[in-house]
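K.L.:
How does the following fold in three dimensions:
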Amino acid sequence: MPASDASAALARLRAVLAGVDSALVAFSGGTDSTLVFRVAHDVLGDRCVGLTTRSPSTPAHDRRAAAEGAATIGARHLWIDTNELDDPRYAANPVNRCFFCKTNLFVICERERRRLGLAVVMDGANLDDLSDYRPGLEAATRHAVRHPLVEASLTKAEVRAVSRELGLASWDRPASPCLSSRVPYGTPIDAALLARIDAAEEYLRTLGFGELRVRAHGALARIEVCLDELPRLLDEARSAAVTDRLRALGFAEVTVDPRGFRSGSLNEGLAQTTRGPGDDSRAPRVR
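P.N.:
Residues are numbered from 1 along each chain as shown. So this is what the prediction gives:
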């Protein structure tokens, strides 16, 4: 994207934020919310506060990214401990699981917004998200959460381009959904399972693998890495070490998906199930 286009997109975002008196930004450390938090801080100064939740479903990788991103931005940043698993509707892992997760998040954000005397809660939803299956967007609507990237008509590509122009390290960060997205819908989730998945992914990152998922199918761990990294993972010695490590973490069996990393692979062949709050007519999708 030409620099002039990125500048125009940034100008639109700044104009949206200039119309806000003060804001609490739901900040995950990902590409989208990092851009919102950075530009909101630039425009609003100390009238902008970021909030990040820590829960069993938050990957350690994401917690580090949020801490590093907030430190770089230099704005006030709150950490709030929570546990979506306390909600049995979330723990049951339905297709609209994200609705209950985001509801929990936005209840916390609204409480802190009121406590701090801020005007609005904002998140990092971008224009492309409106055409995807996003149960969390209904939760945002119910809690009057604003989407400045949507209001400024920024697509994901523009978010990345603007972030790069601003020198944000998050500009090319891959999508990183919660750990529950590694578990097939309908399989109950608990903290021990999520911790096992997180430890497995952390181990693979220490071996230098980038975008990856460890999908948990009962006692089976199915590893997805990018196709160009498959040969390195399938090296006999490395494969044996990975298998031993994941078995030590509690997985009885370990397999590598020969199709490589695929965003939303657990949705492949998934039929639309009974819908609830946060569902619509589009087929569900996780990352």
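K.L.:
drop to CA atoms for contacts and neighbour counts, all remaining ones
P.N.:
Noted.
K.L.:
show me where the stretch 101-250 of the chain has strands.
P.N.:
Remark: strands assigned in the stretch 101-250 of the chain by DSSP state E, counting those that start in this stretch are 120-122, 212-217, 220-225.
K.L.:
and those as a markdown table, adding mean neighbour count?
P.N.:
A markdown table is the format used below for the strands of the stretch 101-250 of the chain (neighbours: other Cα atoms under 10 Å):
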| stretch | mean neighbour count |
| --- | --- |
| strand 120-122 | 23 |
| strand 212-217 | 22 |
| strand 220-225 | 21 |
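K.L.:
got a markdown table for those strands, with mean pLDDT and distance to residue 18 too?
P.N.:
Formatted as a markdown table, the strands of the stretch 101-250 of the chain follow (pLDDT from 0 to 100; distance: least, Cα to Cα, whole Å):
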| stretch | mean pLDDT | distance to residue 18 |
| --- | --- | --- |
| strand 120-122 | 98 | 13 |
| strand 212-217 | 97 | 38 |
| strand 220-225 | 98 | 41 |
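K.L.:
so can I have a markdown table of the ones you listed showing distance to residue 58?
P.N.:
Formatted as a markdown table, those follow (distance: least, Cα to Cα, whole Å):
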| stretch | distance to residue 58 |
| --- | --- |
| strand 120-122 | 20 |
| strand 212-217 | 14 |
| strand 220-225 | 19 |
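K.L.:
give the contact list for residue 25.
P.N.:
Neighbouring residues of residue 25 by Cα atoms under 8 Å, 6 or more residues apart in numbering: 33, 36, 37, 48, 49, 50, 51, 121, 122, 123.
K.L.:
Out of the residues you listed, which sit inside helices?
P.N.:
The helices, defined by DSSP state H, take in 33, 36, 37 from the contacts of residue 25.
K.L.:
How about the first one: what's its closest non-neighbour residue?
P.N.:
In this case it means residue 33. The shortest distance from residue 33 to any non-neighbouring residue, by Cα to Cα, 6 or more residues apart in numbering, is to residue 124 (4.2 Å).
K.L.:
next one: the last one
P.N.:
Excluding its sequence neighbours, the residue lying closest to residue 37 (Cα to Cα, 6+ apart) is residue 25, at 6.1 Å.
K.L.:
ok, now how distant is the one you found from residue 65?
P.N.:
To residue 65, residue 25 is 16 Å away according to Cα to Cα, to the nearest Å.
K.L.:
cool, and residue 170?
P.N.:
Residue 170 is 8 Å from residue 65, where distance means Cα to Cα.
K.L.:
cool, residue 130 as well?
P.N.:
From residue 130 to residue 65 the distance is 25 Å (Cα to Cα).
K.L.:
now residue 229
P.N.:
The separation that residue 229 has from residue 65, given Cα to Cα, amounts to 23 Å.
K.L.:
Could you do residue 73 as well?
P.N.:
Distance from residue 73 to residue 65, counting by Cα to Cα: 12 Å.
K.L.:
swap in residue 193?
P.N.:
For residue 193 relative to residue 65 (Cα to Cα), the value is 22 Å.
K.L.:
got it, and residue 142?
P.N.:
When distance is defined by Cα to Cα, residue 142 is 28 Å away from residue 65.
K.L.:
These two: which is more packed in?
P.N.:
Neighbour count, other Cα atoms under 10 Å: between residue 142 and residue 65, residue 65 has more, with 19 against 11.
K.L.:
secondary structure element for the more buried one?
P.N.:
helix 60-73 (DSSP states H and E).
K.L.:
wait, what's in contact with the closest residue to residue 200 other than its chain neighbours?
P.N.:
The shortest distance from residue 200 to any non-neighbouring residue, by Cα to Cα, 6+ apart, is to residue 246 (6.1 Å). By Cα under 8 Å, 6+ apart, the contact set of residue 246 is 200, 221, 254.
K.L.:
Equivalent analysis for residue 196, please.
P.N.:
Counting by Cα under 8 Å, 6+ apart, residue 196 has contacts 249, 250.
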